[in-house]
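Engineer: here's a sequence, model it:
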Amino acid sequence: MRKSTLYIVAAFLFTILIGVLLFNTIKLSDFASDNNNMKETKVKITFIHWIYIPEEIFTKFNEEFPNITVDYQRYNMASYSEILQKKIFMGEKLDVFGVNELELFKYGNQNILLDLSNEKFLQKYKPEIRSEIQKLSNNKEYAVSYNAECFGIWYNKIIFKKYNLSVPENYSELLEICETLKQKDIQPIVIGAKDPEVASYLYLLRIINFMEDENWQTDLKTGKKSFVKGELLNLFIETEDMIKNGYISKKSVELSYHQAFSYFINAKAAMVIAPDRSLNMIEDESPNICDPGVFVIPYADNKTDIKTTVNYLSALIGINKDSQCVDEAKLFLEFLSRPEIAKIYYDDTLSYPTILETNANKLIYNELWEPIRSNNSRNLYDGYISKDANSILNNSAKAFIAELITAKDLAEVFQKYFAKKYY
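Structural biologist: Next up is the predicted model:
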């Protein structure tokens, strides 16, 4: 009887053991199945922008993260803002997208862009780049800037040396140089004003001087200062005098940005106003008639008042706060922010790096711009005007260079559109 009981107990325990083993096997099978499903799950990031991004970057990202696909859609810069606005309004799938400095201000305030301020990968960007973004985002960071632009004046060292000219340190000295060159039948300055955006570089010569006063925004809004009278109007008149005196080439309105730079390289003008992205237009061997140099735009009355006019906020990339794949989007931005990945972009586009530990060895004459970049910086419009107002100011600059409107006309345009928020 005892042996029989032992047999029964043993059989019972054996049954329980078999049941446990089967249960665990099923659970392991389910886990493996779930894990395989996780591995097979594909996430697609929709990314739109106007900038060129080398295909190699997307390939490397897909190799490292095979479950994440980046659908990159590139649009023409001229129509991009309108397309972006429409996609946001229609609620289309949009995970990562490019913005300009005005849109950064707009979509950040509208709670459309995700605040990236606490993301560790932002530490890979140069402090001055981050600072510029924060200025337009209420001290937050709604985007990363994959490009940096610094404005200056290229000059032909050969021409300057021939006529014993020194780099100007204030606006008066710039005028003296222009007059000397004009007397020698040499065109002083050229601007690629066929493109209205480039035509607005004209404002850097003198008009931007009003931003030296830290209270300029308040003074304009309260009416303490006005573009159509007093010292501010004089800045427009002085710029008009440069045009009337022939210091700025009459051909400027016929030349594109690239054509104007070629005009300079071929010694048809002694100087050209340009951002440092123009470095990609200088070939390894410049003509013997042009040895390029660069100096800070001397728009102020005194050397000590001059600060470099910088547009650091180029090729901005942000994340849609309502994206269904925010984590994957962050992973993509972190990937783009790696120096070894960024180098692919900078080497291919020949643009200036905004990411630390990324060199710019392929940029000819890049070292000429370093002293300018190290100065204090500011943005031309500081994000205080709308996209439409920005377009009006650009087109007005082109008309002004073509002498289709007067200094007073241009001042009235500024009075109407500048330093006003249309959001």
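Engineer: can you report how many residues lie near the nearest residue to L202 once chain neighbours are set aside?
Structural biologist: Of all residues not flanking L202 in the chain, A397 sits nearest, at 5.0 Å (C-beta to C-beta, 6 or more residues apart in numbering). No exception for glycine: its C-beta is placed from N, CA and C like everyone else's. When neighbours are counted by other C-beta atoms under 10 Å, A397 registers 25.
Engineer: likewise N76?
Structural biologist: 8.
Engineer: let me see the contact set for the residue nearest to it when sequence neighbours are not counted.
Structural biologist: Excluding the flanking residues, the one nearest N76 by C-beta to C-beta, 6+ apart is W50, at 6.7 Å. W50 sits next to R74, Y75, N76, M77, Y80, G98 when contact means C-beta atoms under 8 Å, 6 or more residues apart in numbering.
Engineer: point out where the stretch 101-250 of the chain drops to low pLDDT.
Structural biologist: Per-residue confidence for the stretch 101-250 of the chain (pLDDT under 70) gives these ranges: 212-214.
Engineer: where do the strands sit along it?
Structural biologist: Using DSSP state E, counting those that start in this stretch, the strands of the stretch 101-250 of the chain run over residues 144-156, 189-190.
Engineer: can you say which of those strands is packed in most?
Structural biologist: Across these, averaging neighbours per residue (mean count of other C-beta atoms under 10 Å) puts strand 189-190 on top, at a mean of 26.
Engineer: and that strand, how far from the chain's centre?
Structural biologist: 24 Å (C-alpha atoms, centre = their mean, to the nearest Å).
Engineer: distance to L336 added to the strands of the stretch 101-250 of the chain, as JSON lines?
Structural biologist: Below are these laid out as JSON lines (distance: least, C-beta to C-beta, whole Å):
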{"stretch": "strand 144-156", "distance to L336": "7"}
{"stretch": "strand 189-190", "distance to L336": "36"}
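Engineer: closest to K362 out of the ones you listed?
Structural biologist: strand 144-156 (15.3 Å; C-beta to C-beta).
Engineer: name the nearest residue to A274, ignoring sequence neighbours.
Structural biologist: Per C-beta to C-beta, 6+ apart, closest to A274 is W154, 5.9 Å.
Engineer: partner residues bridging that neighbour?
Structural biologist: V272, V294 (DSSP bridges).
Engineer: SS state for the residue most central in space within the chain?
Structural biologist: Centrality entry for the chain: nearest residue to the mean C-alpha point is S314, 0.3 Å, by C-alpha atoms, centre = their mean. Under DSSP: H, G, I helix; E, B strand; the rest coil, S314 falls in the strand class.
Engineer: if I look at A148, how far off is V413?
Structural biologist: 29 Å (C-beta to C-beta, to the nearest Å).
Engineer: whoops, I mixed them up, Y263
Structural biologist: Distance from Y263 to V413, by C-beta to C-beta: 27 Å.
Engineer: ok, L220 next?
Structural biologist: From L220 to V413 the distance is 14 Å (C-beta to C-beta).
Engineer: what about the helices in the stretch 251-400 of the chain?
Structural biologist: 257-265, 326-336, 339-349, 370-373, 387-401 (DSSP state H, counting those that start in this stretch).
Engineer: re earlier: what's the spacing between the residue nearest to L202 and G98?
Structural biologist: For A397 relative to G98 (C-beta to C-beta), the value is 24 Å.
Engineer: measure K303 to K184 for me?
Structural biologist: Distance from K303 to K184, by C-beta to C-beta: 25 Å.
Engineer: for L202, same thing?
Structural biologist: Taking C-beta to C-beta, one finds L202 at 23 Å from K184.
Engineer: tell me which of the two has more neighbours.
Structural biologist: Neighbours per residue, other C-beta under 10 Å: of L202 and K184, the larger number sits with L202, 25 against 12.
Engineer: fine, thanks again, bye for now.
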